[in-house]
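S.K.: Need coordinates for the below:
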Amino acid sequence: MSLRDRIAGDLEGDLQDKPGQSAIDRLLALSLSERTGTLAWRVLWVLDGACLDPLISALAGEAEVSRELAEMAVHEAMSQDCLTCRGRATLMLGDRKLDCQACLATGKRRYSDRARAAYLRVSLKAYRQQAGRFKKVSALLSAYEMAVAPEMRERLK
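M.R.: So this is what the prediction gives:
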């Protein structure tokens, strides 16, 4: 799927021109959005690898955290679906529908402190000392991502 198709799919579901709006208008609206938010969208929704390093650098600088913490936040944001239910929050057992216990029926993958410490190649104690900083950069990434869609809708009015 091309960049054009993915952006159009995220906003409207198709590339059909709307009254006063075309696919190029959508691309322009994305490009005029805040830089870090645009990078986040391109990495998380378009899977644009060229934007990965600039996004990690921007997050690390703004949140004043290590590149490794910023990289882990991006990695977790890209890998959100529960591995057991594949993001559906439920499992089928014959004709019975059961809540997924691995994700507590949220559909979201849960990362433990131990897994995060292993990702960073530090002790569990060392990770827990900087867990607040990880939450800060993770929240920042989420805020940037969520700010882009309303901004684009506003620009496309």
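S.K.: does V137 sit in a helix or strand, and which one?
M.R.: Element membership of V137, judged by DSSP states H and E, is helix 131-155.
S.K.: Check which helices and strands that helix is in contact with.
M.R.: The criterion is 3 or more CB pairs under 8 Å, 6 or more residues apart in numbering; DSSP states H and E, and the helices and strands that helix 131-155 contacts are helix 3-11, helix 23-32, helix 35-44, helix 52-63, helix 67-78, helix 113-120. Placement of C-beta: from N, CA and C, glycine included.
S.K.: Closest to the centroid, which residue in the chain?
M.R.: Nearest to the centroid of the C-alpha atoms of the chain, with distances taken as CA atoms, centre = their mean, sits A77, at 3.9 Å.
S.K.: quick one, what contacts that one?
M.R.: A77 makes contact with 44, 138, 141-142, 145, according to CB atoms under 8 Å, 6 or more residues apart in numbering.
S.K.: same check, this time on V137
M.R.: In this structure, V137 makes contact with 59-60, 63, 65, 69-70, 73, judged by CB under 8 Å, 6+ apart.
S.K.: swap in L39?
M.R.: Under the criterion of CB under 8 Å, 6+ apart, the contact partners of L39 comprise 51, 54-55, 58.
S.K.: Could you measure from the residue nearest to the centre of the chain over to G107?
M.R.: Using CB to CB, to the nearest Å, we find A77 at a distance of 15 Å from G107.
S.K.: ok, now L44?
M.R.: 16 Å.
S.K.: Mind checking which of the two has more residues around it?
M.R.: More neighbours surround L44 than the other of L44 and G107, with 20 against 17 (other CB atoms under 10 Å).
S.K.: Please tell me I have it right and that one contacts Y144.
M.R.: No - contact status for L44 versus Y144: not in contact, 9.9 Å apart, counting by CB atoms under 8 Å.
S.K.: hey, what's in contact with both of the two?
M.R.: Here L44 and Y144 have no joint contacts, going by CB under 8 Å, 6+ apart.
S.K.: picking that back up, counting neighbours, which of the contacts of L39 comes out on top?
M.R.: Using other CB under 10 Å as the contact criterion, the top neighbour count among these goes to L55, which has 27 neighbours.
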